[in-house]
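1. Sequence plus predicted model, see below.
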Amino acid sequence: MSPVGAARPAGGHTGGERIGTGHSGRLVGGRSAGSCVAARRYLGAVLLVGVVSTGAVGCGSSEPPPVAAAAIPTPTTAPAPPPPPPPVLWPLTGLDSGHALARPALAVKVENSVDARPQTGLGAADLVWEEVVEGGITRYVAVYHSTLPAEIGPIRSVRPMDAAIAAPMHGLFAFSGGQPAFVDEVADAGIQVVSNDAGASGFYRIDTRSAPHNVYADPSTLLAQADHQHLADPAVQFEIAGAGNQPTAVTAGTPATAVALQLSAVSRPNWTWSAPDGRWVRAEGSTPAVEVDGTPLRATNVVVLRTESVDTGTTDPAGNPVPETLLVGTGEALVASAGHTVAATWVKNAVGERLVLRGPDGNPVRLAPGTTWVELVPSGSTGSVTVR
């Protein structure tokens, strides 16, 4: 080692640098191995005093490549779920069925004489039409679609206005029997006839009542006889307010607590609004109307039609004249829904067409979703309608 301040060797190189092979005869990054050791010592000294100089020494190893920053995923918005499918509504009530059900409407002729009360299965009907027959008593055309009770009765014979009631639903009509002309009118209107007198299945007599008030039927067996022309669901019969909308009686009518009717000298049904039930409750005069199990007869809507009646020129087995209620034409109406009533007009252009209700503004009257009873009240002096 040369003393400090000694002259440099010729060629300008320091003692620590050698060009060539040095002791080992190999070059390390342009420096000898000894030079590299010295550099490491120097670097260690620098580190001891806290001074780090990057890139000051290169001993044959290159710096690692820079690490690429991790890619940050771009937030994505999940696609909105598809809207739920629209509800499937029962055509005769406007209530949500939860699923489609291809089943025809079953109309059944149910008796309403004093001896026939209380009836069985009447409260399960989607629609009930009440009509005046001979002697001033009334009978029902009860229409079943959304719900089938286990039993229906007592069942009686067909009448001349029944074809116009049942034809728009194009389903089955079950009755005990009837005059051939009336039975033919039902068949000619495109309805499938299911008659006990003709031997149809599903009818039977119970032993707790005397004839002729003891004919009952199993509605499932009646429907099982539907032919290929009468398998479809019935069409909508009355306009019904959709979800979130009020019926016309509420939007255009007035509040009411009761609707009292006189159909004849012996038939005076009335309906009282029950807010807890959200329905109208029926009574025969002052006697509550109930099913055989004591359940009150109720309806979401009561539709009153003022109608004309004519003599058919025929009589029943007791010799009483058989009247016919005329349902093709037009007349006054009253619609009761949700504790309100509204005046209306009814129009029916043909036997096979449905009856249409129009309000004072000429627009269709919309009922509340639920069951409906239709009262056919004679327009003459024998019929009256009182609203309280």
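-> On my side now, so go ahead.
2. And the residue nearest the centre of this structure?
-> Within the chain, one residue has its C-alpha closest to the average C-alpha position: by C-alpha atoms, centre = their mean, that is Asp96, at 1.7 Å.
3. What is the burial count for the nearest residue to that one once chain neighbours are set aside?
-> In space, Asp96 comes closest to Pro87 once its chain neighbours are excluded; the distance is 4.4 Å by C-beta to C-beta, 6 or more residues apart in numbering. To be clear about C-beta, it is placed using only N, CA and C from the backbone, and glycine gets the same treatment. Neighbourhood size, Pro87 [other C-beta atoms under 10 Å]: 12.
4. Now do the contacts for Pro87.
-> By C-beta atoms under 8 Å, 6 or more residues apart in numbering, the residues touching Pro87 are 96-97, 243.
5. and of these, the nearest to Ser220?
-> Within the contacts of Pro87, the smallest distance to Ser220 is 17.9 Å, found for Ser97 (C-beta to C-beta).
6. so the closest one touches Pro91, yeah?
-> No. Using C-beta atoms under 8 Å as the test, Ser97 is too far from Pro91 to be in contact (9.3 Å).
7. residues contacting Gln225?
-> Counting by C-beta under 8 Å, 6+ apart, Gln225 makes contact with 172, 192, 194, 200-202.
8. if you set the cut-off to 10 Å instead, what comes out?
-> For Gln225, the set of contacting residues under the criterion of C-beta atoms under 10 Å, 6 or more residues apart in numbering consists of 172, 174, 192, 194, 200-202.
9. Run through the helices of this protein in chain order.
-> 33-48, 162-166, 180-188, 219-223, 248-252 (DSSP state H).
10. Dihedrals phi and psi, the residue nearest to Asp96?
-> For Pro87, the backbone dihedrals (degrees, to the nearest 10) come out as phi -70, psi 150.
11. roughly how far apart are it and Ala289?
-> 32 Å (C-beta to C-beta, to the nearest Å).
12. can you tell me the average pLDDT over stretch 158-170?
-> Stretch 158-170 shows a mean pLDDT of 98 in the predicted model.
13. do stretch 344-358 as well
-> Mean pLDDT, taken over the full extent of stretch 344-358, equals 98.
14. For it, C-alpha coordinates in CSV please.
-> Backbone C-alpha positions of stretch 344-358 (Å, rounded to 0.1, in the frame of the first residue of the first chain) are rendered in CSV as follows:
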residue,chain,number,x,y,z
ALA,A,344,-125.7,3.3,-12.8
THR,A,345,-127.3,2.0,-16.0
TRP,A,346,-127.1,-1.6,-17.2
VAL,A,347,-126.9,-2.7,-20.8
LYS,A,348,-127.0,-6.2,-22.3
ASN,A,349,-127.2,-6.5,-26.1
ALA,A,350,-127.7,-10.2,-26.6
VAL,A,351,-128.2,-13.4,-24.6
GLY,A,352,-124.6,-14.4,-25.1
GLU,A,353,-123.1,-11.0,-24.3
ARG,A,354,-122.1,-10.0,-20.8
LEU,A,355,-124.1,-7.3,-19.0
VAL,A,356,-122.3,-3.9,-18.8
LEU,A,357,-122.6,-1.4,-16.0
ARG,A,358,-122.1,2.3,-16.8
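15. Give me the residue ranges of the stretch 201-350 of the chain where confidence is low.
-> When the per-residue scores of the stretch 201-350 of the chain are filtered using pLDDT under 70, no range remains.
16. all strands of it, in order?
-> Secondary structure of the stretch 201-350 of the chain (DSSP state E, counting those that start in this stretch): strands located at 203-205, 215-217, 254-255, 258-262, 269-274, 279-284, 287-288, 298-299, 301-315, 321-326, 329-337, 340-348.
17. Of all those, which one is nearest Asp233?
-> It's strand 301-315; of the strands of the stretch 201-350 of the chain, that one is closest to Asp233 (C-beta to C-beta) at 20.2 Å.
18. partner strands of the closest one, parallel or antiparallel?
-> Strand 301-315 has the following strand partners under DSSP bridges: strand 321-326 (antiparallel), strand 329-337 (antiparallel), strand 372-378 (parallel).
19. buried set for the second one?
-> It refers to strand 329-337. If you call a residue buried by 16 or more other C-beta atoms under 10 Å, then strand 329-337 has these buried ones: 331, 333-337.
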